[in-house]
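In: dropping the sequence and predicted coords here.
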Amino acid sequence: MKREDFESSATGSLVPTERGQWAFVPAPLPPASLDHARISRSLSAAAGAIGELNGIGRTIPNPYLLIRPLQRREVISSSSMEGTYTTLDALVLAEATEGGSGTPDTREVLNYMEALSAAIASLDNVPLSLRTLRDAHATLLQQVRRDRGATVRPGEFKQHQNYIGAYEIEKARYVPPPPRETLDCLDALERYFHRDEDGLDTLIDAALIHYQFEAIHPFADGNGRVGRMLIILHLYMRQKLIQPLLYLSPVFEARKDEYIDRMLAVSRDGDWEGWIAFFLDVMREAAQQAITLADRIGALQKSYRERLQKARNSANLLVAADYLFERPAVSVTDVMNRIGVSYPAAKANVDVLIRENILSEVPGTSNPKLFMARDIVEIISGSKN
């Protein structure tokens, strides 16, 4: 990190760190000033799209028919941005076997699903805090087999200097605060979470908080994923979202270079407005993608129901078909437990879903044998419009 690029920054200060290098310590939020005129159009567009998405959230009898597909998109995209790769097929199969199948990367993405779901659920009982983020980090990196180095401790903040963009600190593009300064920054950030309302729009606030977390980079690994998780947690806690339906990583991934450059420009040049406008545009696009997915899922659900009702099948079968939107790969036992019937009755329901081309057997699976709703998987992945 070049000292001269950051030493005159209005958004933070430099402190010495290891091997004669310098680290950037972001100033506490909020910024001293913002040019609201520069971001007003982006704010209006993002707020409109999120309002429309909230309208959908209010009308869905079971919001998890949409929440779970959106979360799967999120964790796959967010993980791939950090070099952890899996496919949607592999993820839903790992879900169906409770992590018992798949590569180490797939199991790590499944950890992400569990961490995200648990963090959102925790907000019903306790407010967003550093503990929320540590717990999410612990789940994210639990039992990760890939060598991550001795300094990575799930659920604990970093104990050594980290850096971004190179394998050697001397060549790093950005060096976040050292461990001692990190704790001070995190304390200030947590106080910011819970400050009294100050008139700053919650969507702008989300942009500030996400930048601040990434600039602090408090964990030895997993900062990008936990930081993107923090966006939905903040918006949901502040009730800007009726349901947790907005996930930004698929759009961030498509605009990854700009995403990184915009945050760096805040630290280096103090360009808050450029970052916020970009962030709001990503929000708008992500909300529109969620709305499109909701339409496609709704249309497919309607098609399933019409086909099953036309065949005069039982109400239990409709429940089983709806369950597939939450969990696209299932065993007969899964269906049995979901609809509360005997194993033979559940098997009969699965057989009907196969005859109606809603489910198909997953080759090579046994104990349990798995069945996948291929149309649902293709809609979530975007391979089927």
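Out: The structure has been received and is ready for your questions.
In: state which helix of this protein is the longest.
Out: helix 272-310 (DSSP state H).
In: what's downstream of that one, the next helix or strand?
Out: Scanning forward in sequence from helix 272-310 by DSSP states H and E, the next helix or strand is helix 315-326.
In: who does that next one touch, helix- and strand-wise?
Out: helix 64-81, helix 272-310, helix 332-339, helix 343-355 (3 or more C-beta pairs under 8 Å, 6 or more residues apart in numbering; DSSP states H and E). From N, CA and C alone the C-beta is placed, and that goes for glycine too.
In: pick the most deeply packed of the ones you listed.
Out: Ranked by mean neighbour count, those are led by helix 64-81 with a mean of 22 (mean count of other C-beta atoms under 10 Å).
In: domain parsing for the protein?
Out: The chain breaks down into these structural domains: 3-291, 312-380 (assignment by automatic domain parsing).
In: now render these as TSV, adding distance to Gly298 and mean pLDDT.
Out: Shown next, in TSV, are the domains of the chain (distance: least, C-beta to C-beta, whole Å; pLDDT from 0 to 100):
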stretch	distance to Gly298	mean pLDDT
domain 3-291	8	94
domain 312-380	10	94
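In: now the ones you listed in TSV, with distance to Gln301?
Out: Below are these laid out as TSV (distance: least, C-beta to C-beta, whole Å):
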stretch	distance to Gln301
domain 3-291	7
domain 312-380	7
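In: quick one: closest of those to Arg305.
Out: With C-beta to C-beta as the measure, domain 312-380 is the member of these nearest Arg305 (6.1 Å).
In: just give me how far that closest one sits from the chain centre.
Out: Centroid displacement of domain 312-380 relative to its chain, using C-alpha atoms, centre = their mean, to the nearest Å, is 27 Å.
In: so which of the helices and strands packed on helix 315-326 is nearest Ser366?
Out: helix 332-339 (12.1 Å).
In: show residues contacting the closest one.
Out: Residues from elsewhere that reach helix 332-339, judged by C-beta atoms under 8 Å, 6 or more residues apart in numbering: 96, 316, 319-320, 323, 327, 342-343, 345-347, 349-350, 368-369.
In: change it to 7 Å
Out: With C-beta atoms under 7 Å, 6 or more residues apart in numbering as the test, helix 332-339 has contacts from Asn316, Val319, Ala320, Tyr323, Arg327, Tyr343, Ala346, Lys347, Asn349, Val350, Pro368.
In: quick check, nearest of those to Asp281?
Out: Nearest to Asp281 among these is Arg327, at 32.9 Å by C-beta to C-beta.
In: how about that closest one, nearest residue that isn't a chain neighbour?
Out: Once flanking residues are discounted, Arg327 sits nearest to Glu95: 6.4 Å by C-beta to C-beta, 6 or more residues apart in numbering.
In: what's near enough to touch the one you found?
Out: Applying C-beta under 7 Å, 6+ apart to Glu95 gives the contacts Leu110, Arg327, Ala329.
In: quick one: neighbours of the first one, just the number.
Out: Okay, so that is Leu110. Look at Leu110: counted by other C-beta atoms under 10 Å, it has 23 neighbours.
In: export the helix or strand where it lies as CSV, just CAs?
Out: For Leu110, the element it lies in under DSSP H and E is helix 104-122. Below are the C-alpha coordinates for helix 104-122, written out as CSV (Å, rounded to 0.1, in the frame of the first residue of the first chain):
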residue,chain,number,x,y,z
PRO,A,104,-15.1,-28.9,0.9
ASP,A,105,-16.1,-25.7,-1.0
THR,A,106,-19.7,-26.9,-1.2
ARG,A,107,-19.8,-27.6,2.5
GLU,A,108,-18.4,-24.2,3.2
VAL,A,109,-21.1,-22.6,1.1
LEU,A,110,-23.7,-24.6,3.0
ASN,A,111,-22.1,-23.2,6.2
TYR,A,112,-22.8,-19.8,4.8
MET,A,113,-26.5,-20.6,4.3
GLU,A,114,-26.7,-21.8,7.9
ALA,A,115,-24.8,-18.7,9.1
LEU,A,116,-27.0,-16.3,7.2
SER,A,117,-30.3,-18.0,8.3
ALA,A,118,-29.2,-18.1,11.9
ALA,A,119,-28.1,-14.5,11.9
ILE,A,120,-31.4,-13.3,10.5
ALA,A,121,-33.4,-15.4,12.9
SER,A,122,-31.3,-14.0,15.9
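In: picking that back up, tell me what the longest helix of the chain is packed against?
Out: helix 36-59, helix 64-81, helix 202-216, helix 249-254, helix 256-269, helix 315-326, helix 374-381 (3 or more C-beta pairs under 7 Å, 6 or more residues apart in numbering; DSSP states H and E).
In: any chance of TSV for the ones you listed, columns distance to Asp5?
Out: Listed next are the helices and strands packed on helix 272-310 as TSV, based on distance: least, C-beta to C-beta, whole Å:
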stretch	distance to Asp5
helix 36-59	23
helix 64-81	24
helix 202-216	14
helix 249-254	24
helix 256-269	5
helix 315-326	48
helix 374-381	40
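In: secondary structure class of Leu128, three-state.
Out: coil (DSSP: H, G, I helix; E, B strand; the rest coil).
In: quickly find the element holding Glu95.
Out: Assigned by DSSP H and E, Glu95 belongs to helix 88-96.
In: and stretch 98-108, how far apart are its ends?
Out: 12 Å (C-alpha to C-alpha, to the nearest Å).
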